[in-house]
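Peer 1: Show me the folded form of this:
(one chain, ligands or ions: 2)
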Amino acid sequence: MDIRLKLLELLFRQKLMGKGLKGKTITPQIVSYSVTRACNLKCLHCHADALEALSNELTLREAKQAISEMADLGTEVIIFSGGEPLLRKDFTFYLTEHCNDLGIIPAMLTNGVLLDRKTAWELKEAGMIALGVPLDFATPERHDALRNTPGAFESAIKAIKACREVDLKVVITTMALKNNFDEIPKLINLLANLGVEQIVLYDFIPVGRGKELKDLAMSQEQRAKLLDYLYKMQEEKEMFFLVSGGSPLYPAIVLEMHKKYGTKPPDQFLRQFLVYTPIGCHAGINYFSLRPNGDIYPCPFLQLKVGNVREQSLADIWHNSKVFNELRNRSLLKEKCGECMYRDNCGGCRAKAYAQSGDYLASDPNCPIDLLKEKRVYPTTIECFGLCVG
Ligand code: SF4
Ligand code: SF4
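Peer 2: Ligands and ions are numbered 1, 2, ... in the order given. Prediction:
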């Protein structure tokens with residue numbers, strides 16, 4: 001489908017039905033493609049352990065071929081990430097155009113260091129639909145410390161302004177951690193003053209360099225407080241929030257809270273990209289991650305190679321990988337998730353299970369069920385999931 005038609009259809013679904021993408025059975029509707037491992041920041045918690053480019057990253061021809069195969073499988077959105085994708089700027093631009101030719105919606109996560117007004121304009125011209133830029137603290141020194149590079153805060157602010165100047169949609173990505181939790185209200189005020197309307201908060205999963213920072217994950221009590229706070233902010237500030245990475249039900253819990261209290265969530269662009277199918281963790285079901293060297297993971301946070309596009313067709317990997325097929329069969333889940341009446345609607349975060357125990361079918365160590373009970377929202381009432389992109 002022509003990308004303009006697809007965007008129009010999404011807009012209609014959002015405006016008329018209040019819904020985003022229609023879920024399709026066993027279809028990789030959303031793909032996260034890390035185009036390079038190279039990065040110009042050295043974030044302490046980086047899940048991709050990014051620093052230098054790999055010696056065997058996909059060539060442009062190979063990457064285009066992989067994206068064409070995704071289109072054949074029914075991919076609707078590709079989110080380019082890294083490392084830092086603008087370190088392969090021309091490559092990312094060509095792939096963005098290729099997505100447009102195939103009717104796939106392209107978006108990109110960037111740290112903003114290389115994003116000036118001109119680049120933002122060029123990206124928009126190439127057909128990029130939206131950018132995600134990270135900001136974790138309202139205090140520059142604290143943000144720079146986590147991102148391990150002086151000036152990272154300033155770069156992110158400049159990048160946000162550049163996007164706004166050329167009218168390219170920008171979403172802020174924030175790692176919600178035990179040690180920035182208290183600063184989130186200040187950060188949201190700062191972003192509101194910059195005109196930002198959409199924020200994706202990540203529930204930290206200790207993978208990559210983050211393995212060394214396990215203790216920084218929020219407590220369950222903080223997760224509950226965060227939900228209440230985000231609900232309140234969606235009301236007060238007309239901002240829209242997703243909680244991504246390991247918390248697939250959270251955006252939908254807040255939507256359910258709106259229904260319950262008779263309030264309305266803001267009609268922001270990001271709502272178009274919630275996928276309406278009640279499955280919770282979508283790794284290997286509606287989603288996978290392509291790594292710089294062609295490896296395929298079920299999700300950027302579930303770092304388990306299930307194949308490589310240089311060795312097999314994507315269709316073969318998608319349909320025949322043992323890991324993908326096991327992730328699709330929730331009767332194989334173990335322990336608490338295996339016995340849970342909500343396993344089909346939730347399934348737990350498979351990346352958190354794997355990070356904790358080395359078994360991707362084990363229980364989610366941060367099972368949200370008590371939190372859901374407290375909010376009187378049940379997984380069976382939840383219709384959609386948010387994106388877990390990295
Ligand atoms: S494993 Fe599932 S829930 Fe966890 S981050 Fe990946 S897609 Fe999200
Ligand atoms: S036990 Fe918890 S995490 Fe696992 S499926 Fe049930 S509600 Fe989800």
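Peer 1: For this structure, spot the helix or strand the model is least confident about on average.
Peer 2: Counting by mean pLDDT, DSSP states H and E, the chain has its least confident helix or strand at helix 250-261, which shows a mean of 82.
Peer 1: need the contact list for Ala50.
Peer 2: 37-39, 43, 82-84 (C-beta atoms under 8 Å, 6 or more residues apart in numbering). Glycine gets a C-beta too; all of them are placed from N, C-alpha and C.
Peer 1: Between the residues you listed, which sits nearest Gly307?
Peer 2: Proximity of the contacts of Ala50 to Gly307 was ranked by C-beta to C-beta; the top entry is Arg37 with 18.6 Å.
Peer 1: returning to what we had before: and the helix or strand following the least confident helix or strand of the chain, how far out from the chain middle?
Peer 2: Proceeding N to C from helix 250-261, the next assigned helix or strand is strand 275-276, under DSSP states H and E. From the chain centre to the centre of strand 275-276 is a distance of 14 Å (C-alpha atoms, centre = their mean, to the nearest Å).
Peer 1: ok, then the element right after strand 275-276?
Peer 2: That would be, after strand 275-276 and using DSSP H and E, strand 287-290.
Peer 1: List the buried residues of that next one.
Peer 2: Neighbour counts over strand 287-290 (16 or more other C-beta atoms under 10 Å) mark 287-290 as buried.
Peer 1: Spell out which parts of this protein neighbour ligand 2.
Peer 2: Proximity of the chain to ligand 2, by C-beta under 6 Å from any ligand atom, involves residues 336-337, 340, 342-343, 346-348, 363-364, 367, 369, 379.
Peer 1: what's the most distant pair in these?
Peer 2: Using C-beta to C-beta, the two most remote members of these are Ser363 and Pro379, lying 14.8 Å apart.
Peer 1: Reformat the buried residues of strand 287-290 as CSV; add pLDDT and distance to Asp90.
Peer 2: Formatted as CSV, those follow (pLDDT from 0 to 100; distance: C-beta to C-beta, whole Å):
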residue, pLDDT, distance to Asp90
Tyr287, 96, 27
Phe288, 97, 25
Ser289, 97, 23
Leu290, 98, 19
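Peer 1: Could you pull up the contacting residues of Lys15?
Peer 2: Residues in contact with Lys15 (C-beta under 8 Å, 6+ apart) are Asp267.
Peer 1: now the helices: where do they sit in the chain?
Peer 2: Using DSSP state H, the helices of the chain run over residues 3-12, 60-73, 89-102, 117-126, 140-147, 152-165, 184-193, 220-236, 250-261, 314-320, 322-328, 335-339, 350-357, 369-374.
Peer 1: Would you pull up how far the third one lies from the middle of the chain?
Peer 2: Right, the one you point to is helix 89-102. Per C-alpha atoms, centre = their mean, the centroid offset for helix 89-102 relative to its chain is 20 Å.
Peer 1: okay, the angle between it and helix 60-73?
Peer 2: Going by axes from the mean of the first three to the mean of the last three C-alpha atoms, to 10 degrees, helix 89-102 is angled at 30 degrees with respect to helix 60-73.
Peer 1: ok, and for helix 89-102, which residues are buried?
Peer 2: Residues 91-93, 95-100, 102 are the ones in helix 89-102 that count as buried (16+ other C-beta under 10 Å).
Peer 1: from the middle of its chain, how far away would the least confident helix or strand of the chain be?
Peer 2: With C-alpha atoms, centre = their mean, you get 19 Å for helix 250-261.
Peer 1: And for stretch 27-36?
Peer 2: 10 Å.
Peer 1: So which of the residues of the chain next to ligand 2 is the closest to Ala71?
Peer 2: Closest to Ala71, out of all of those and judged by C-beta to C-beta, is Gly347, at 26.9 Å.
Peer 1: Mind pulling the model confidence for the closest residue to ligand 2 within the stretch 101-250 of the chain?
Peer 2: Closest residue of the stretch 101-250 of the chain to ligand 2, C-beta to the nearest ligand atom: Leu249 (7.8 Å). According to the prediction, Leu249 has pLDDT 82.
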